[in-house]
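In: Need coordinates for the following:
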Amino acid sequence: MNTRKLMVITLVVVGAVAATGVVAATTQNSATTTTTTVQTDSSVDSPDPANYTRLYVDDGHQRVELKPGESDTVTASVENGESEAVELSPQLVTLPARNQPPVEQSWVSIDPADTTLDAGESREFEITVDVPNDAEIGDYRGIIGFTDETVRYPGRPPQPVHSTSVSVEVWQEPTVEINSESHIYTQLKAGGTATREISVSNTGDQAVPLSPQFNAENERRRRPSRRNTLDRSWISIDAPNEIAPGETETVEITVAPPADADRGDYRATVDLGITDPARPDDRAYWQQISLGFQLWTEPETPFETTFSVDEETTNTTLELSAHQSRSAKASQNANFDVTFVSPDGREIDAQRSRLTDSGRINLGDRRQPAQTDETYAAERSQQTFSYELSDPAAGQWSVRIMPDNTMSFEYELTRTAG
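Out: Numbers count the residues shown, from 1 in each chain. As a prediction, the model looks like this:
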């Protein structure tokens, strides 16, 4: 087992050399301190892993999530790969912060604090993190060094060779919750409007400001022209200035593209501008509403297709299916104007003979907030419009289909022989 772990350490050290040049390790004890520095000259030989004490630390990363006033204990195991005993003195090392504040020394206790690890022996250390009541929410980071041996890289302070990192997320129960779906997608006809309501609750004991902001930098996913951004004038937001303690308010987001808008898929983001005292200021994702819609335009001329009829055909049936996704309402009042054209050019206005409603239910899918049923989640639905053509003359026919209030449809022509 020692051989395998030693190879891992060797690979790590060589990898560091390849990235930075030369690694230099620091070996410290009660009497001396030796520092090895990483240089940027790639011509210098790689360090010899034999310069390090052969200690193997399992559980190289520890993470705990605690509220102010809470504590937790994690363990880290250290194995001595040397042929002689090694003195261990684990302690929290505080490095200069980059993006995270350091774990405070007073938060951490280690048991045992000092120990001698015999050759080949393994020992577990209990690392207890105790977060004080007045700690601020956020992510904190520290390193537990088990020996005084360190390694230094250019521009960075020495850090322990034998160590485990400790990340502490200090959090509190949020006081502001978004009750509605944060991802909105719908189908919208150019010149129409769509309004979505976002419910926001404040369970805290102080008023929470509310200042929604529209992000106009999002681009459409697909675009038939060079116009590639969502026009800010299409969006209107109606919201209160704040949410009182214990209250629930509604934010209305309305999309109203003009009739001459380019069709395609549009994306944007609305940041509700909420300040929750129980959430970190640098994490605003929870209050962002993803807004997407597929813009479509009604045609000016009908869709036309041809079909052949032979002498044995006694009836022709046309079925038109208008689909409606679970997030769209474009097909709710769909209709069609259908005209058959005979081989001699005579036009026949077809009358609908049957209307069928169908849908699909998925018991494993997430229910939409607007649904009142507690069990069934509707994935999609469709309406099927049927038109009959009796005793058609043999020859080449055509049919003209003008859709009304539907973004997409399918057609199926069936000829029945007598």
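
In: Please determine how far residue 199 is located from residue 181.
Out: Using Cβ to Cβ, to the nearest Å, we find residue 199 at a distance of 10 Å from residue 181. Bear in mind the C-beta positions are built from the backbone N, C-alpha and C, glycine included.

In: Test my guess that residue 158 contacts residue 149.
Out: No. Contact criterion Cβ atoms under 8 Å: residue 158 and residue 149 do not qualify, at 9.5 Å.

In: bridging residues for residue 412?
Out: residue 319 (DSSP bridges).

In: residues contacting it?
Out: Going by Cβ atoms under 8 Å, 6 or more residues apart in numbering, residue 412 touches 318-319, 321.

In: Can you flag the buried ones in these?
Out: By neighbour count, with 16 or more other Cβ atoms under 10 Å, the contacts of residue 412 hold 318, 321 as buried.

In: Reformat the contacts of residue 412 as CSV; add distance to residue 407 and pLDDT.
Out: CSV is the format used below for those (distance: Cβ to Cβ, whole Å; pLDDT from 0 to 100):
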residue, distance to residue 407, pLDDT
318, 20, 97
319, 18, 96
321, 13, 94
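
In: now, among the contacts of residue 412, which is nearest to residue 176?
Out: residue 321 (43.5 Å; Cβ to Cβ).

In: Please point out which parts of the helix or strand that closest one falls within sit buried.
Out: Assigned by DSSP states H and E, residue 321 falls within strand 313-325. For strand 313-325, burial by neighbour count (16+ other Cβ under 10 Å) applies to 313, 316-318, 320-325.

In: So which elements touch it?
Out: Secondary-structure packing of strand 313-325 (3 or more Cβ pairs under 8 Å, 6 or more residues apart in numbering; DSSP states H and E): strand 335-341, strand 378-390, strand 395-404, strand 409-417.

In: To residue 166, which of these lies closest?
Out: strand 378-390 (45.3 Å).

In: got the contact list for the closest one?
Out: Strand 378-390 has contacts (Cβ under 8 Å, 6+ apart) with 314-326, 331, 334-336, 338, 340, 348, 350-362, 365, 368, 371, 397.

In: where along the stretch 151-300 of the chain do the strands fall?
Out: Listed in chain order, the strands found in the stretch 151-300 of the chain under DSSP state E, counting those that start in this stretch are 159-160, 163-170, 176-178, 183-189, 194-202, 208-209, 213-215, 235-238, 242-243, 248-255, 264-271, 288-296.

In: Mind putting these into CSV with mean neighbour count?
Out: Output for the strands of the stretch 151-300 of the chain, formatted as CSV (neighbours: other Cβ atoms under 10 Å):
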stretch, mean neighbour count
strand 159-160, 20
strand 163-170, 20
strand 176-178, 17
strand 183-189, 18
strand 194-202, 17
strand 208-209, 16
strand 213-215, 15
strand 235-238, 15
strand 242-243, 19
strand 248-255, 17
strand 264-271, 19
strand 288-296, 20
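
In: Looking at those, which is nearest to residue 126?
Out: strand 163-170 (12.2 Å).

In: Identify the bridge partners of the residue nearest to residue 120 when sequence neighbours are not counted.
Out: Leaving aside its chain neighbours, residue 120 sits nearest to residue 80 (6.2 Å; criterion: Cβ to Cβ, 6 or more residues apart in numbering). Legend: beta-bridge partners of residue 80 under DSSP bridges are residue 55.

In: and residue 80, what does it touch?
Out: 54-55, 86, 117-122.

In: Would you point out which residue is most central in the chain?
Out: Geometric centre of the chain, nearest residue: residue 285, 9.2 Å, by Cα atoms, centre = their mean.

In: so where is the stretch 151-300 of the chain shaky, pLDDT-wise?
Out: By pLDDT under 70, the low-scoring segments of the stretch 151-300 of the chain are 216-229, 282.

In: Kindly recompute the last result at 80.
Out: For the stretch 151-300 of the chain, the stretches with pLDDT under 80 are 153, 155-156, 216-230, 280-283.

In: go on, the stretch 301-418 of the chain?
Out: 323-333, 362-381, 418.

In: go with 90
Out: For the stretch 301-418 of the chain, the stretches with pLDDT under 90 are 323-334, 357-382, 405-408, 418.

In: Contacts for stretch 316-323, please.
Out: With Cβ under 8 Å, 6+ apart as the criterion, stretch 316-323 contacts 307, 309, 331, 334, 336, 338, 350, 380, 382-389, 392, 397, 399, 401, 403, 406, 408-416.

In: Quick check on those residues: which are buried?
Out: The neighbour-count criterion (16+ other Cβ under 10 Å) marks 307, 309, 331, 334, 336, 338, 350, 380, 382-387, 389, 392, 397, 399, 401, 403, 406, 408-409, 413, 415 among these as buried.
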